[in-house]
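Chemist: next comes the sequence, and after it the predicted model I'd like to discuss.
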Amino acid sequence: MARILCVDDEPNVVTLKCRILEAAGHKVTASTSAQDAIQKLEHDSYDAVVTDWRLGDNVGRAVVQAAKNHSTLPVVVVSGYVAEAFQAAEPLADLYLEKPVNPEELVTIVNELLKNTARAASE
């Protein structure tokens, strides 16, 4: 079971993503703003971050930056603005998925990134 921070400014979307990841056996914390997500990253530890790119007045780049500042945890951007997110300045997320995301695909990708991170940490 991994601890995952899930960020989206649309409450129904973040709830859905959280349920999908929880059904896969993960402990998921929801966040509906970049500021809240950054605070959570500063005060708690997570194994992965799943974030939207456009978060109200802010962009997901701030969340990606905060996640990468604290550790090497995998970051997945799930957004309707993948092209914009992918062309943003460093740091880059580990993977970009277009909304709407297939639930099985999201779980598979997050699980693979978690395995890769665990494997790299043990080497």
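Modeler: Sure thing, it's come through.
Chemist: mind listing what's buried along stretch 25-33?
Modeler: Across stretch 25-33, burial judged by 16 or more other C-beta atoms under 10 Å covers 26, 28-33. In this view, the C-beta of every residue, glycine as well, is placed from N, C-alpha and C.
Chemist: now, which of those sits nearest residue 109?
Modeler: Nearest to residue 109 among the buried residues of stretch 25-33, counting by C-beta to C-beta, is residue 26 at 12.7 Å.
Chemist: for this structure, what spans make up the strands?
Modeler: For the chain, strands defined by DSSP state E occupy the ranges 3-7, 27-31, 48-51, 54-55, 58-59, 75-79, 95-98.
Chemist: comparing those, which gets the lowest mean pLDDT score?
Modeler: Sorting these by mean pLDDT places strand 58-59 lowest, at a mean of 79.
Chemist: what's that strand in contact with?
Modeler: 33-35, 53, 85, 88 (C-beta atoms under 8 Å, 6 or more residues apart in numbering).
Chemist: could you export those residues as TSV, including distance to residue 66 and pLDDT?
Modeler: Listed next are the contacts of strand 58-59 as TSV, based on distance: C-beta to C-beta, whole Å; pLDDT from 0 to 100:
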residue	distance to residue 66	pLDDT
33	12	95
34	8	94
35	10	94
53	14	93
85	15	81
88	14	73
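Chemist: any of those buried? List them.
Modeler: If you count burial by 16+ other C-beta under 10 Å, the buried members of the contacts of strand 58-59 come out as 33-34, 53, 85, 88.
Chemist: name the strands paired with the least confident helix or strand in the chain by mean pLDDT and say parallel or antiparallel.
Modeler: Here the helix or strand of the chain ranked lowest by mean pLDDT, DSSP states H and E is strand 58-59, holding a mean of 79. Strand 58-59 pairs in its sheet with strand 54-55 (antiparallel), by DSSP bridges.
Chemist: now the longest helix along the chain: average pLDDT?
Modeler: In the chain, taking DSSP state H as the definition, the longest helix is helix 103-122. For helix 103-122, the mean per-residue pLDDT is 91.
Chemist: for it, buried residues please.
Modeler: Within helix 103-122, the residues scored as buried using 16+ other C-beta under 10 Å are 106-107, 109-111, 113-114, 117.
Chemist: right, I'll leave it there.
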